[in-house]
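Asks: turn this into a model:
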Amino acid sequence: MDISQIKVCVLFGGQSNEHDISRLSVSYIISVLQESAVKDLQVIGITQNGEFKYYDGPADLISDGTWLEHESIKDVLFKPGHQGQGFYIYDQNGSENQSGYKNNTELTWIEVDVFFPVLHGKMGEDGTIQGLFELLNTPFVGCGVLASSIAMDKVASRNMFDTVGIPQANWTWLKKRKFYANPDFAIEAIKNILTYPIFVKPANAGSSVGITKANSDQDLLESLAIAFEHDDKAILEQAIVGREIEVAVLELTDSDRNLFVSVPGEIIPDREFYDFESKYISDGSILIIPAELEPQQIEEINRYAKLAFRTVDGKGLCRADFFLEKSTGRILINEINTMPGFTGISMYPKLMAESGYPSNKLVEALIASAFK
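Replies: Numbering: from 1, shown residues only. I've put the predicted structure just below:
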């Protein structure tokens, strides 16, 4: 693919608690696209209130959060069914008429060949923005509606992984309304399935947000309350003592849509487990690339990563996270992430670079995959 002939629009921000991480990720993507000399590069930022804003300023204002103050900011208007792929931008000048609309609004059409949503978490990685692109009939980088929504929902994805025989930690789940209707009964029901320590997570949240570890009934009550601050479903998992292993998956553009799996990487967290702060704020965690594993372990991880990706009907890319249990040597899947971080310390681009896909080759491959 000749990327110099492609008109790309990247999107960043969003309404999730990973808004700031998306800003860092898109700064990386923008720099790569600029170095690759794409034919046309447009940028849309989504505010934490969900407003779509066209931005034509310096990339460093995105990473520090001051992009919204730039003079280039304009509102964005999508028009499903429009003949052509892209969006309108407009200035809301003039006075309001009786219907509340601005007079003298000028619309400018921006043509786009492919959207690149560099969005993490809810309202960006969960199938919502992907549905918009489908309505606009415009190619986009990454997984579609189904895969994005399933991968984001840990209850849905774990049910599917169980169905196809991908090993994972023993788990159960609980609805918020059921928990608050009878907390004591809910705790006893959980203990009939799991033993302490138990990890408690919101079913729909990214980057380890809202995850806690419970070692007692009181811990479990408090952990569930935290999880339900982020979602109305909580997933509970038997704690695994072992190594944290990750691989990057890239869908190729050959006729069979084969999957390329990177070398494995290992994370040694700077705290009890790899939470949001450990991923993005602290610099104390250690990333080992490639991880020291036996050939049969790498083969098993690759097989399960591909199976997980195909099971949720993945497209484009994902990062697949696993545990290597210390006591048994079992490979257990933790989750797949359909739009992994692209920050300076993120595993996905690091793993791909170590596997023969430096940043420019990786981004070009992702865009090429979108057109397939």
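
Asks: so which helix or strand takes in N360?
Replies: Here N360, judged by DSSP states H and E, is contained in helix 359-371.

Asks: list of residues touching that helix?
Replies: The contact list for helix 359-371 (C-beta atoms under 8 Å, 6 or more residues apart in numbering) reads 1, 3, 6, 8, 28-29, 32-33, 35-36, 114, 116, 139-142, 250-253, 315-317, 349, 352-353, 357. For glycine as for every other residue, the C-beta is placed from the backbone atoms N, C-alpha and C.

Asks: next one: it to chain centre, how far?
Replies: Chain-centre distance of helix 359-371: 17 Å, with C-alpha atoms, centre = their mean, to the nearest Å.

Asks: what's the answer for stretch 127-139, then?
Replies: That offset, for stretch 127-139, works out to 16 Å (C-alpha atoms, centre = their mean).

Asks: buried sites along the helix holding N360?
Replies: Of all the residues in helix 359-371, those buried under the rule 16 or more other C-beta atoms under 10 Å are S359, L362, V363, E364, A365, L366, I367, A368, S369, A370.

Asks: D56 reaches I44, doesn't it?
Replies: No. At 10.4 Å, D56 does not count as touching I44 under the criterion of C-beta atoms under 8 Å.

Asks: which one of these two has more residues nearby?
Replies: I44 (22 against 13; other C-beta atoms under 10 Å).

Asks: for the more buried one, helix, strand, or coil?
Replies: strand (DSSP: H, G, I helix; E, B strand; the rest coil).

Asks: beta partners for V200?
Replies: T212, L236 (DSSP bridges).

Asks: just I110 next, same as before
Replies: Under the criterion used here (DSSP bridges), I110 is bridged to F87.

Asks: would you agree it is in contact with G86?
Replies: Yes. Applying C-beta under 8 Å as the test, I110 and G86 come out as touching, 5.0 Å apart.

Asks: between the two, which contacts overlap?
Replies: Common neighbours of I110 and G86 (C-beta under 8 Å, 6+ apart) are C9.

Asks: what helix or strand is F161 located in?
Replies: Applying DSSP H and E, one finds F161 within helix 154-164.

Asks: next SSE after that helix?
Replies: strand 171-175.

Asks: may I see the buried residues of that following strand?
Replies: W171, T172, W173, L174.

Asks: so Q130 touches F140, yeah?
Replies: Yes. Using C-beta under 8 Å, Q130 is in contact with F140, at 6.8 Å.

Asks: give the residues shared as contacts by those two.
Replies: Going by C-beta under 8 Å, 6+ apart, residues that sit against Q130 and also against F140 are P117.

Asks: what about those two, which has more around it?
Replies: Q130 (26 against 23).

Asks: how close does that one get to V155?
Replies: 20 Å (C-beta to C-beta, to the nearest Å).

Asks: with L259 instead?
Replies: Taken as C-beta to C-beta, the span from L259 to V155 is 25 Å.

Asks: swap in R177?
Replies: 15 Å.

Asks: so these two - more neighbours on which side?
Replies: More crowded of R177 and V155, by other C-beta under 10 Å: V155, with 19 against 9.

Asks: so who does that one touch?
Replies: Counting by C-beta under 8 Å, 6+ apart, V155 has contacts W173, A203, K233, I235.

Asks: settle this for me: S63 is touching S25, isn't it.
Replies: No. Contact criterion C-beta under 8 Å: S63 and S25 do not qualify, at 9.6 Å.

Asks: could you check which of those two is surrounded by more residues?
Replies: S25 (27 against 19).

Asks: confidence score at Q83?
Replies: The per-residue pLDDT reported for Q83 equals 72.

Asks: and for it, the neighbour number?
Replies: 5.

Asks: before we move on, which element is it in?
Replies: Here Q83 is assigned to no helix or strand, by DSSP H and E.

Asks: so who does it touch?
Replies: Applying C-beta under 8 Å, 6+ apart, no residues qualify as near Q83.

Asks: check the one 3 residues further on too.
Replies: When contacts are counted by C-beta under 8 Å, 6+ apart, G86 is found next to C9, W109, I110, E111, V112, T138.

Asks: no more questions from me, cheers.
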